[in-house]
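# 3D model of this:
(chains A and B)
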2 protein chains.
Amino acid sequence: MVVPFAAIFGQAEDCDRILMSGLQVLLVAGTHGNEINGPWLLDQWSQTPELINTHGVGVVPVIGNPEALALGQRYLDCDLNRSFRLDLLRSPSILDREVVRAKQLLSFFGPEGSTPCQIVIDLHSTTAAMGSTLVVYGRRPADLALAALIQARLGLPIYLHDGDADQQGFLVERWPCGLVIEIGPVPQGLLKACIIEQTRLAVQACLKVLSSVSSGLATYPDQFVVHSHLGSLDLPRNTLGHPAACVHPYLQGRDWQPLQVGAPLFLRPDGEVFRFEGRDSPIPVFINEAAYVEKQIAMSLTYREVCPLPEQWQGALQQLVDC
Amino acid sequence: MVVPFAAIFGQAEDCDRILMSGLQVLLVAGTHGNEINGPWLLDQWSQTPELINTHGVGVVPVIGNPEALALGQRYLDCDLNRSFRLDLLRSPSILDREVVRAKQLLSFFGPEGSTPCQIVIDLHSTTAAMGSTLVVYGRRPADLALAALIQARLGLPIYLHDGDADQQGFLVERWPCGLVIEIGPVPQGLLKACIIEQTRLAVQACLKVLSSVSSGLATYPDQFVVHSHLGSLDLPRNTLGHPAACVHPYLQGRDWQPLQVGAPLFLRPDGEVFRFEGRDSPIPVFINEAAYVEKQIAMSLTYREVCPLPEQWQGALQQLVDC
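Okay, the predicted model is just below:
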């Protein structure tokens, strides 16, 4: 089932119309206002609910940052997807519109909200050639069990963003279970049919596996593969702090391909090449993501882990679904 | 020769430092603040002048919209590259920052400005798969002679934007001769080495042919090819004016490839396909350019013309170069 389209704007008066029981999956798009393929999909689903209403799972679609979406900007005051830090949420004096919106989303759709959702799926896009990726924050059992099920169904890679003190306050962390679906490459502010379709397939896989958990028919894999966050690389910079090189064309688009010693990383205008001199063949992701320029991240590095899937993790997901 | 880097910010106090004689080519980048590859190139050239100072042509580099560039936005109040309409420039009451900037650029670098430039090259990028394109506005003899020379040297297609009442006030129109170099595909706000390199090659070809004109050694082709603007297509829209379909994945990236009857144009979420039903196989350009969403342009259509290059057109360019 799907709630009325009006609810995606998250206005208080709309919430009265939402009356559901059992598992509710919050489906967020437009957390960043210049990532418009997810919102397009939500809009279409809301007009034609049977497109999404096929798995017997309660879905609450919502636009994360409708004001930024209307302006085609990533955000107004600060990144909404870094605004869910507990210190920000607890501070009455912070009036950044995204922090206010974060509180609002939680008060409506948080686990203790007026329309409580137990699981959140947050739809994003990237200019990096990531393909379709599941992003999980930290090592919460229910998150990893859900990601493992989706990976078993659709083969998507899992980027495990863990232990990065500079990057905190992600939306999905404030729900008992949640993950990001990240699709690219697509320019900001651009509708692209193939990105919409990849997003649709990934969301449907999520709902399908949640439906299978709900009906007790989920087949969990014994193990799954994650790419765990090691750290991020910035562009080389000059003494003024401006970029002194750009991502080397060899590397552009090579997300998920291990970096070998000597691989070209960055290219200076005078032709000088900065090469990778580390070891252990880390695997780069988010290579040249436009939104990370301001965060001084040219790419992130990961390592591949094969993880067993303990039964108690399955139980953690089951418990949420059976709420 | 190249002027000091400070001049690219176009501050009045910097202009005192500029003292040149003979032909001056104004090289503008960052007319749109979210097209950052041209500005990057200007920055590098300004730090290493010999990169550009190889053709004996006076070059005045300038950032078109430094405030928008600093914010990573296309513009602040209105599109700078539609702000050079005579009615806007002559109105003392219009205070949009881009109109003010247009007047400022003209007062500094216009043909009657304090540092007069006779020819302008305006560097742009696009999310469409246009490759490297020369864009010429109207059929001014000197513009077309210059474009024909560059085409003969580098083979670039020429998009002749002519007679579109909805799109007026382009920067280059206010100089006696000028053209746009448009390179894509690249997302907005993203540095991409291959785009920088394509931009560099196109600018160097411009300067090289201007140098050959200056030294009387230019070899003009007898004819050249232009793609003349026919009109633009918008996305299908619903009764609320919202897009009801997106560009069909078949068409995405097929800029410059003639549209045949029945070719898929747009795709509705329910799978319905809008097909091209016109005749004469028009040639689409700017397919799915992110910045044109707000202009309600999903693509523009052109037709291919083979044009003779009359001697008097060559004379028009020669006269400007010999100023």
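# in which helix or strand would I find the residue nearest the centre of chain A?
Taking Cα atoms, centre = their mean, the centroid of chain A lies closest to residue A:180, which sits 2.4 Å from it. Following DSSP states H and E, one finds residue A:180 within strand A:177-184.
# Is chain B within reach of that strand?
No. With Cβ under 8 Å from any Cβ of the partner chain as the criterion, chain B is not reached by strand A:177-184; the gap is at least 9.6 Å. All C-beta spots, glycine's among them, are computed from the backbone N, C-alpha and C.
# buried ones in that strand?
The neighbour-count check on strand A:177-184 (16 or more other Cβ atoms under 10 Å in any protein chain shown) flags A:177, A:178, A:179, A:180, A:181, A:182, A:183, A:184 as buried.
# For those, which two are the farthest from each other?
Among those, the pair separated by the greatest distance (Cβ to Cβ) is A:177 and A:184, at 24.0 Å.
# Run me through the strand neighbours of the helix or strand harbouring residue A:121, direction for each.
Element membership for residue A:121 (DSSP H and E) is strand A:119-125. Applying DSSP bridges to the sheet, strand A:119-125 is found paired with strand A:24-29 (parallel), strand A:177-184 (parallel).
# that older thread, name all residues that make contact with the residue nearest to the centre of chain A.
By Cβ atoms under 8 Å, 6 or more residues apart in numbering or on different chains, the contact set of residue A:180 is A:121, A:122, A:123, A:124, A:134, A:135, A:136, A:137, A:170, A:172.
# The nearest residue to residue A:242 once chain neighbours are set aside - how many residues pack around it?
Spatial nearest neighbour of residue A:242, excluding adjacent residues (Cβ to Cβ, 6 or more residues apart in numbering or on different chains): residue B:43 at 7.5 Å. Residues within reach of residue B:43, counting by other Cβ atoms under 10 Å in any protein chain shown, total 21.
# Please identify the helix or strand for residue B:43.
If you go by DSSP H and E, residue B:43 is part of helix B:37-47.
# Residue A:200 now?
Secondary structure (DSSP H and E) places residue A:200 in helix A:193-214.
# Okay, angle between that helix and strand A:177-184 too, please.
Here helix A:193-214 runs at an angle of 160 degrees relative to strand A:177-184 (axes from the mean of the first three to the mean of the last three Cα atoms, to 10 degrees).
# for helix A:193-214, packing partners?
With contacts defined as 3 or more Cβ pairs under 8 Å, 6 or more residues apart in numbering or on different chains; DSSP states H and E, the packing partners of helix A:193-214 are strand A:24-29, helix A:37-47, strand A:119-125, strand A:131-137, helix A:141-154, strand A:177-184, helix A:311-321, strand B:246-247.
# rank these by pLDDT, which is bottom?
Averaging pLDDT over each of the helices and strands packed on helix A:193-214 singles out helix A:37-47 as the lowest, with a mean of 91.
# From residue A:42, how far out is residue A:190?
17 Å (Cβ to Cβ, to the nearest Å).
# my read: residue A:321 touches residue A:214, true?
Yes. Using Cβ atoms under 8 Å, residue A:321 makes contact with residue A:214 at a distance of 5.1 Å.
# more neighbours, those two?
Higher neighbour count among residue A:321 and residue A:214: residue A:321, with 24 against 18, using other Cβ under 10 Å.
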